Each structure stands twice: as C-alpha cells, then as structure tokens.
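K.L.:
Quick check, what structure comes out for this input:
(one chain, ligands or ions: 2)
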Amino acid sequence: MSTVLVTGGNGYIGSHTVISLFENGYDVVVVDNLSNSKMEVQNRLEKITGKRFKFYDIDCCDADKLRVVFEENKIDSVIHFAGLKAVGESVSIPLDYYSNNIGSMIAVCRLMTEFGVNNLVFSSSATVYGSSEDVPFTEESPLGTCTNPYGWTKWMIEQILRDYAKSEPSKRICLLRYFNPVGAHESGLIGEDPRGIPNNLFPYISKVAGGTLECLTVFGDDYNTPDGTCLRDYIHVVDLAEGHVKAIKFLEKTEDSVSVFNLGTGKGTSVIEAVKAFEKACGHEIKHVFGPRRPGDIAVCYASTKKAEEVLGFKARYGIDEMCSSCWKWQTMNPEGLKD
Ligand code: NAD
Ligand code: UFG
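P.N.:
Ligands and ions are numbered 1, 2, ... in the order given. Reported below is the predicted structural model:
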C-alpha cells in the first residue's frame, strides 16, 4: 500500500483529501500544527472512514521534528497543504506568511531529498494569475503581479519547486492551482471552519443563513458582468479532493518533472447567483446589501479545465446547488464550528 504524507491534513481541503485518498486505497499520515484547525477533525475523519489516521502535531518549518515522520513511516508521496491562507492577514503580517509558507515547503523538500521521496503535490492558487482578467485562465496564461503577500508566497513556491526539480531529476512535482473551493463532505461532519468573522463568501453566507451573522455585504454591483457582481469559479471541495488523488496517480507514472493543473469547474458564478443558490438550499432568504468594491478584487476569474480533463482525467462532478446544500448541512450540524 502506498503511503501519502498529507501536511496540513487537518485543515479544510486537507481533511477532505484524506478521505479521498483512503477511499482510493492509500495509507495516510497527517502532519498539522493546528494553527488553523482543531483536533476534533481527526475524530470526525475516524467517524467517516472507520479509521484513525496517524497524526503528528508538528510545525512543518521545523525540519528536525518533521524528520521523525519520515523516519517512522515509509513515505511514497507528499501533498503539501500546510500554509497560511488569509489574504488580508498576509498584508498585516507578511513576514509570518513568507516564513511559514516558504519555510515549510523548503523543510519538506529537504526531507524528501534526504529520504529519497520523489512525488510532491503542492497547493497553489489561481491567485498566481494576478489581476489579469483574460479568462478563462489556462496553465499557460502569464503569471501575474500578485496583489498581496499570500499570493506571492504561492508564486515564489512554484518557482522554488521548478528550481528544485531541475536540480534533482528524480523529482515529480505537481502544482495544483485551485480556484474557489467551497462546500463540505456529504456527512456534514467536516467542512470549512474559519476562526472569527469569515472573509470569504461561502462561510459568510452560511453564517447569515444560520443566523449567526445578520447580513451579507455584496462587495460591488457595478462590475462589467451580467448582474454587476464578481464571477468566480467555485469548486466543490470533494471534487477538489478527488483532483489530488488523480494528481498522485499521475505522478506515479509521469516522466515530466513539473506539471501544472488548474482545478476548477470552468464556470463563473456571480455573488448574486451564489446567494440565490444558497437561498434555495436553506429554504429562506439571505439578507444582503450592496456595498463598495473590495480592494484587490477582480471582476471575473475562472479556469480552463481542458488540461486537467485531458491529462489528469479530472472533471468536477458537482455544481453550485450541491456546493450550497453540503455547506448548509455542515452549518446546521455545526452552528458554532468544531470544539477546540
Ligand atoms: P486550512 O487553513 O484549512 O488548512 C491548512 C492547514 O495547515 C491548517 O490545518 C493549519 O493548521 C496547517 N498549517 C499551517 N501552517 C502549518 C505549518 N507550518 N506546519 C504544519 N501545519 C500547518 O486551509 P485550506 O483552505 O485547507 O488550504 C490548504 C492549502 O490550499 C493552503 O496551502 C492554501 O493556501 C491553499 N489554497 C486554499 C484555497 C482556499 O480558498 N481555501 C485556495 C487556493 C489555495
Ligand atoms: N464577497 C462578497 N462579500 C463577502 C465576501 C466575498 O461580496 O463578504 C465576494 C468577493 O468580493 C468576491 C467573491 O465574493 O467577488 C468571492 O470572494 P472570496 O473572498 O470568497 O474569494 P476570492 O475569489 O476573493 O479569493 C479566493 C481565495 C484566495 C485566493 C483567490 C484566488 O480566498 O485565497 O480566491 O484564487 F487567492
């Protein structure tokens, strides 16, 4: 049985990916420092899969501590989710973002070299396309000037990994550029569990729908889009998780040292369409008002899915209705999120 080390595997996307890996016959070892997730996630994963996964509470920047994981387990592939991801926060504490995101990636790479582990999947983001609106973004679209330190960490890590792969021809690296992951596992036991007031659209809508927050502010209604609100490529987190399994399988057979794939649906959904879809899922109105544009937002962002479809065999199965209904189930079953 092939073993995948999932760093950040206690987080939102990582935890869903652990399930997909398990369902596809992989053994999984999780490393997470719990900086943005709660230990209860591991109990929930056990409820869903019937298996208790090996878990290490370790900061991936600490290569000495992380070495123990490589010593104690025969790792075949790594998926590196561990990282800080709040765009606004990255502007206030950029050094923390650069040192955590880049430092953890470098520590993981050094250990992959030391232990002869060749396959790596990295969580990149559509944010590397910068503020271009030349949609759909293909993997060949020029990388843009990022608008915040978080985006730059992804951009820089992609470059670091290209250089790393050049220096070690045995390495097989997959850069996955996610669009907007939303939704939750069908069980309602795991989902997105942000601390404090959410910055992102779906967690915010969920809390308004659930009554914890009063009203959604729609940031801007004067964009050059059909209803004036921004279009994003929302992708169900369970589809995204499946994409990681496809990426691992691809790395097991490819000769290419670095491969890049967009993971999205190829479809743009406006903020207002998302609100309407959520209203259908929860069965009541979601109070919203229109406010000014949010600095840094682009009008449209969606993926070309052609390469992922043709090369990885990946195609998202779920649409906006399933994203909203799963989000709503998670919200109603866990109105306060998970316990610490
Ligand atoms: P998340 O915060 O839910 O998960 C990340 C996990 O990594 C958390 O459990 C956190 O505790 C852990 N972590 C952070 N730094 C660590 C470190 N140094 N050592 C060990 N663990 C550490 O975030 P997510 O939404 O699941 O995102 C996973 C990855 O995907 C991140 O790298 C993120 O930047 C990237 N990504 C996310 C989105 C999105 O919209 N959610 C979009 C594009 C890319
Ligand atoms: N929005 C609102 N009101 C809110 C929150 C969001 O109207 O309260 C709007 C935003 O203006 C945007 C859309 O909803 O038009 C989606 O916003 P999100 O914050 O959910 O997502 P973004 O597209 O801004 O950002 C996401 C990830 C980033 C990543 C980026 C590009 O959160 O990490 O996609 O991939 F960098």
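K.L.:
Now do the contacts for the closest residue to ligand 1 within the chain.
P.N.:
Closest to ligand 1 within the chain is Gly11: 2.0 Å, counting by Cβ to the nearest ligand atom. C-beta: built from backbone N, CA, C; applies to glycine. By Cβ atoms under 8 Å, 6 or more residues apart in numbering, the contact list for Gly11 reads Asp32, Asn36, Ser37, Val41, Phe81, Ala82.
K.L.:
what's near enough to touch the second one?
P.N.:
Under the criterion of Cβ under 8 Å, 6+ apart, the neighbours of Asn36 are Gly11, Leu84, Lys85, Arg195.
K.L.:
In TSV: these, plus pLDDT.
P.N.:
Listed next are these as TSV, based on pLDDT from 0 to 100:
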residue	pLDDT
Gly11	98
Leu84	98
Lys85	98
Arg195	91
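K.L.:
Quick check: Ile58 touching Val30?
P.N.:
No: checked against Cβ atoms under 8 Å, the pair Ile58 and Val30 is beyond contact range at 10.0 Å.
K.L.:
coming back round to it: Provide a PyMOL selection command restricted to the buried entries of the contacts of Asn36.
P.N.:
Applying 16 or more other Cβ atoms under 10 Å to the contacts of Asn36, the buried members can be selected in PyMOL as follows:
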select buried, resi 11+84+85
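K.L.:
Need the contacts of Asn36 in TSV (columns: secondary structure and distance to ligand 2).
P.N.:
Below are the contacts of Asn36 laid out as TSV (DSSP: H, G, I helix; E, B strand; the rest coil; distance: Cβ to the nearest ligand atom, whole Å):
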residue	secondary structure	distance to ligand 2
Gly11	coil	13
Leu84	coil	10
Lys85	coil	5
Arg195	coil	15
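K.L.:
quick check, nearest of the contacts of Asn36 to Phe202?
P.N.:
Using Cβ to Cβ, Lys85 comes nearest to Phe202 of the contacts of Asn36, at 14.3 Å.
K.L.:
Pretty sure the closest one sits against Gly151.
P.N.:
No: contact criterion Cβ under 8 Å: Lys85 and Gly151 do not qualify, at 10.4 Å.
K.L.:
who in the stretch 1-150 of the chain is up against ligand 1?
P.N.:
Applying Cβ under 6 Å from any ligand atom, we find that the stretch 1-150 of the chain lies next to ligand 1 at 7-8, 10-14, 31-37, 59-61, 81-85, 100, 104, 123, 125.
K.L.:
can you tell me which of those are in helices?
P.N.:
By the criterion of DSSP state H, membership of those in helices covers Tyr12, Ile13, Gly14, Ser104.
K.L.:
Neighbour count, distance to Ser20 and pLDDT added to those, as JSON lines?
P.N.:
Below are these laid out as JSON lines (neighbours: other Cβ atoms under 10 Å; distance: Cβ to Cβ, whole Å; pLDDT from 0 to 100):
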{"residue": "Tyr12", "neighbour count": "24", "distance to Ser20": "14", "pLDDT": "98"}
{"residue": "Ile13", "neighbour count": "23", "distance to Ser20": "11", "pLDDT": "99"}
{"residue": "Gly14", "neighbour count": "25", "distance to Ser20": "11", "pLDDT": "99"}
{"residue": "Ser104", "neighbour count": "25", "distance to Ser20": "22", "pLDDT": "99"}
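K.L.:
And the helices in the stretch 101-250 of the chain?
P.N.:
103-115, 149-167, 201-210, 237-253 (DSSP state H, counting those that start in this stretch).
K.L.:
Buried by neighbour count: which residues of the first one qualify?
P.N.:
If you call a residue buried by 16+ other Cβ under 10 Å, then helix 103-115 has these buried ones: Ser104, Met105, Ile106, Ala107, Val108, Cys109, Leu111, Met112.
K.L.:
Same check on the third one?
P.N.:
Of the residues in helix 201-210, those scored as buried under the neighbour-count criterion (16+ other Cβ under 10 Å) are Leu201, Phe202, Pro203, Tyr204, Ile205, Ser206, Lys207, Val208, Ala209.
K.L.:
Quick check: Leu111 touching Ala63?
P.N.:
Yes: using Cβ under 8 Å, Leu111 is in contact with Ala63, at 6.3 Å.
K.L.:
Neighbour count for Ile58 and Val30, which is higher?
P.N.:
Neighbour count, other Cβ atoms under 10 Å: between Ile58 and Val30, Val30 has more, with 25 against 19.
K.L.:
The more buried one against Val18, yeah?
P.N.:
Yes: Val30 is within contact range of Val18, at 6.5 Å (criterion: Cβ under 8 Å).
K.L.:
Quickly list what's touching both of those two.
P.N.:
Jointly contacting Val30 and Val18 under the rule Cβ under 8 Å, 6+ apart are Val6, Gly9, Phe53.
K.L.:
Near the first one, how many other residues are there?
P.N.:
This means Val6. 28.
K.L.:
Surely it and Asp27 touch.
P.N.:
No: if you go by Cβ under 8 Å, Val6 and Asp27 don't touch, sitting 10.7 Å apart.
K.L.:
By proximity to ligand 2, which residue of the stretch 201-340 of the chain wins?
P.N.:
For the stretch 201-340 of the chain, Cβ to the nearest ligand atom, closest residue to ligand 2: Cys230, 3.1 Å.
K.L.:
could you list every residue that touches that residue?
P.N.:
Phe219, Gly220, Tyr223, Ser270, Val271, Asp297, Ile298, Ala299, Val300, Cys301.
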